[in-house]
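>>> Dropping the sequence and predicted coords here.
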Amino acid sequence: MSRPPSVDQLARSIEADGLPHPLRVEVARRAIADGRVDDADDLARARRRRLLTPVINATGVLLHTNMGRAPLGVTTEPSFTNLELDLATGKRGSRQHAVGDLLATACGAEAAMVVNNCAGAVLLTLAALGAGRGVAVSRGELVEIGGGFRIPDVMNQSGARLVEVGTTNRSRLDDYARARDTDDDLAMVLKVHRSNYTIVGFTEEVEVDRLATLGVPVVADIGSGLLDAACPWLDGQPPSWLEGEPAARQTLKAGADLVLFSGDKLLGGPQAGIIAGRRDLVEQCGRHPLARALRPGDLVLLALQDLTLAYLDRRGHDIPFWRMASTPVAELERRAEAIVASVGAAVGAAGGRLASAATEAVPGGGTLPTVTIPSHGLRVDGDVTEPLRAGDPPIVARVEEGSTWLDLRTVDPQADDELIDALARALGQADAGDATTGGATTDGATATTDGTGPAA
Ligand SMILES: *Cc1c(COP(=O)(O)O)cnc(C)c1O
């Protein structure tokens, strides 16, 4: 009987690029404890796969919460920034001004500030402007956003008092006026966008322009972060699927005193929450102690600054989200056909399981729940999601009716070569291992003779 190796020996023998020594030690310790010394390399690879890594999103969900919503690139050399330094005076400045001023210009507000996410923006606004006072909300807008964010609970946490208005399906201006007249201290009317559900049938709601006639500050949580309904940063018209989505500029113009929105939904930036509108109210939010707890770091502010500059320059093509959102279907079709041809050339007859196919993408990220976007991609007979996910970079696809679907709208064209390699490997592998899979009648030989068979 051979004795198990020492933890240190095993840790040093583990092959897994990019896994620091202390993590190899953890893996080795566990492998020995579980009697799985021979699996140590696999365990180490599995451990490394739990690190954050770029993935290819082929689901057709443009803003996929599980994949960080909007696609993001942060590549900066290490350096200090003038985060809170006023370069004109050499004195301490505010981290909010650089990006806040840009965002204010971009959506036509007097001022704007940034916090960690839109949930934080709602909490801070309620706490700063409404603590100990009444906040009127329609009963049709007492929403739960994903992740357990519920308006009544947030209201509680902020110290504001919820004043329910109207009914689930119908709220009228009169209902709000009654709340204003009967509550001794109404701080604001809060309008919450029904981001992730719709109410249809016998319904009525009051738009911001009419709420603004009540003589009470109106705060609109629009959630999605569409800056301007006219999308002036795009070459063409706004996509038709955006119709009816509230936009920051138009909501402020209609009379909202503040708008609150996410950084990583339709804005297409990093996780952040933006509070924009009347200067005195934004400043009141900035002075509240919670503002310190919710403040963003320079990575987020830098990413938002780049993004907002692109918006102001009308460079929609430099914003990955808008590139995805506005790609013509014909272009996706061309890419799909080229991928099918390349994979076919690599795996021979096994490529018969792969076809170019029309798809429907969705905005996702808890926005526009009933909207689909015409799109195009690939269909593979059978479920190959696991080998695709196991690749480097991992590719996330979806399964429907026994087929794997890859939507090209959410895939950057630069990743098409990686898609080709991964599909060739997946089809070659499935064939080599399981001759009965899908419609492929040829064998692993096709796949292995040209070097695209089971990968090491
Ligand atoms: C998504 C959403 C939020 C929460 O935004 P996060 O940035 O995810 O915190 C709040 N309100 C509305 C209306 C939303 O759609």
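That came through fine. Numbering: from 1, shown residues only.

>>> Chain neighbours aside, what residue packs nearest to residue 211?
Leaving aside its sequence neighbours, residue 211 sits nearest to residue 218 (C-beta to C-beta, 6 or more residues apart in numbering; 4.8 Å). Where you see a C-beta, it was placed from the backbone N, CA and C, and this is true even at glycine.

>>> Quick one: residues contacting the one you found.
Residues counted as contacts of residue 218 (C-beta atoms under 8 Å, 6 or more residues apart in numbering) are 188, 189, 191, 208, 211, 212, 255, 256, 257, 258.

>>> Any chance of the backbone angles for residue 207?
As for residue 207, its main-chain torsions (degrees, to the nearest 10) stand at phi -80, psi 170.

>>> and the helix or strand containing residue 362 with the ligand, contact?
Secondary structure assignment for residue 362, by DSSP states H and E: strand 354-364. No. Using C-beta under 6 Å from any ligand atom, we find that strand 354-364 stays clear of the ligand, coming within 11.2 Å at best.

>>> Please save the CA atoms from that strand in CSV.
Only the C-alpha atoms of strand 354-364 are listed here, as CSV (Å, rounded to 0.1, in the frame of the first residue of the first chain):
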residue,chain,number,x,y,z
LEU,A,354,-25.5,22.2,-37.3
ALA,A,355,-27.8,24.7,-39.2
SER,A,356,-28.3,28.4,-39.6
ALA,A,357,-31.6,29.3,-38.0
ALA,A,358,-33.9,32.2,-37.3
THR,A,359,-34.2,33.0,-33.5
GLU,A,360,-35.8,35.5,-31.2
ALA,A,361,-33.6,37.5,-28.9
VAL,A,362,-34.9,39.3,-25.8
PRO,A,363,-33.7,42.4,-24.0
GLY,A,364,-33.5,40.6,-20.6
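
>>> Beyond it, next helix or strand please.
Using DSSP H and E, the first helix or strand after strand 354-364 is strand 373-381.

>>> Around the ligand, which positions in the stretch 251-400 of the chain sit nearby?
262, 273, 366.

>>> shouldn't the last one be in contact with residue 223?
Yes. Shown here, residue 366 and residue 223 form a contact pair, counting by C-beta atoms under 8 Å, at 7.2 Å.

>>> before we move on, the earlier item: pairing partners for the strand holding residue 362, with directions?
strand 61-63 (parallel), strand 373-381 (antiparallel) (DSSP bridges).

>>> care to break this structure down by domain?
Domain assignment for the chain by automatic domain parsing gives 12-49, 56-69+325-437, 97-296.

>>> I'd like the ones you listed laid out as TSV, including mean pLDDT.
Putting those into TSV (pLDDT from 0 to 100) gives the following:
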stretch	mean pLDDT
domain 12-49	90
domain 56-69+325-437	92
domain 97-296	95
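
>>> Between the ones you listed, which one is closest to residue 76.
domain 97-296 (12.8 Å; C-beta to C-beta).

>>> From the chain's centroid, how far away is the closest one?
From the chain centre to the centre of domain 97-296 is a distance of 19 Å (C-alpha atoms, centre = their mean, to the nearest Å).

>>> so how far does it reach from one end to the other?
13 Å (C-alpha to C-alpha, to the nearest Å).

>>> all helices for the stretch 101-250 of the chain, in order.
118-130, 151-158, 173-182, 208-211, 248-253 (DSSP state H, counting those that start in this stretch).

>>> can you redo those as TSV with mean neighbour count?
Putting the helices of the stretch 101-250 of the chain into TSV (neighbours: other C-beta atoms under 10 Å) gives the following:
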stretch	mean neighbour count
helix 118-130	25
helix 151-158	17
helix 173-182	16
helix 208-211	19
helix 248-253	22
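
>>> Same list, these, but as a markdown table with distance to residue 229 please.
Formatted as a markdown table, the helices of the stretch 101-250 of the chain follow (distance: least, C-beta to C-beta, whole Å):
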| stretch | distance to residue 229 |
| --- | --- |
| helix 118-130 | 19 |
| helix 151-158 | 24 |
| helix 173-182 | 23 |
| helix 208-211 | 13 |
| helix 248-253 | 5 |
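
>>> residues contacting residue 12?
Residue 12 touches residue 24, counting by C-beta under 8 Å, 6+ apart.

>>> Quick check: it vs the ligand, distance?
Noted for residue 12: a distance of 43 Å to the ligand, by C-beta to the nearest ligand atom, to the nearest Å.

>>> Could you say which helix or strand holds that residue?
helix 7-13.

>>> in that helix, what counts as buried?
7, 10, 11 (16 or more other C-beta atoms under 10 Å).

>>> And stretch 10-29, by the same measure?
Buried residues in stretch 10-29 (16+ other C-beta under 10 Å): 10, 11, 14, 16, 19, 23, 24, 25, 26, 27, 28.

>>> so the second one makes contact with residue 20?
No. The pair residue 11 and residue 20 fails to qualify as a contact (C-beta under 8 Å) at a distance of 10.6 Å.

>>> Next, the residues that contact the strand holding residue 362 from outside, please.
60-65, 69, 241, 266, 325, 333, 336-337, 339-340, 343-344, 368, 371-380, 405, 407, 409-410, 423, 427.

>>> for residue 211, what are its contacts?
Residue 211 neighbours (C-beta under 8 Å, 6+ apart): 173, 176, 189, 191, 218, 255.

>>> Compute the distance between the second one and residue 159, please.
Separation of residue 176 from residue 159 (C-beta to C-beta, to the nearest Å) stands at 22 Å.

>>> can you check residue 250 too?
Counting by C-beta to C-beta - residue 250 and residue 159 are separated by 31 Å.

>>> Determine the number of other residues adjacent to residue 355.
If you count neighbours by other C-beta atoms under 10 Å, residue 355 ends up with 14.

>>> mind listing what the helix or strand hosting residue 275 pairs with, with the direction of each?
If you go by DSSP H and E, residue 275 is part of strand 273-277. Sheet pairing for strand 273-277, assigned by DSSP bridges, gives strand 111-115 (antiparallel), strand 258-262 (antiparallel).

>>> can I get the CA coordinates of that strand in PDB?
Taking C-alpha atoms only, strand 273-277 is exported to PDB below (Å, rounded to 0.1, in the frame of the first residue of the first chain):
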ATOM      1  CA  GLY A 273     -27.400  53.400 -10.000                       C
ATOM      2  CA  ILE A 274     -27.900  57.000 -11.200                       C
ATOM      3  CA  ILE A 275     -29.900  59.700  -9.500                       C
ATOM      4  CA  ALA A 276     -30.500  62.600 -11.900                       C
ATOM      5  CA  GLY A 277     -32.700  65.700 -11.800                       C
END
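
>>> Any idea which residue of the stretch 251-400 of the chain lies closest to the ligand?
As assessed by C-beta to the nearest ligand atom, the ligand sits closest to residue 262 within the stretch 251-400 of the chain, at 3.5 Å.

>>> So which residue is smack in the middle of the chain?
Centrality entry for the chain: nearest residue to the mean C-alpha point is residue 69, 1.1 Å, by C-alpha atoms, centre = their mean.

>>> My read is that it contacts residue 272, right?
No. Look at residue 69 against residue 272 with C-beta under 8 Å: they stay out of range, at 10.9 Å.

>>> Mutual contacts of these two, please.
With C-beta under 8 Å, 6+ apart as the test, residue 69 and residue 272 both reach 262, 264.
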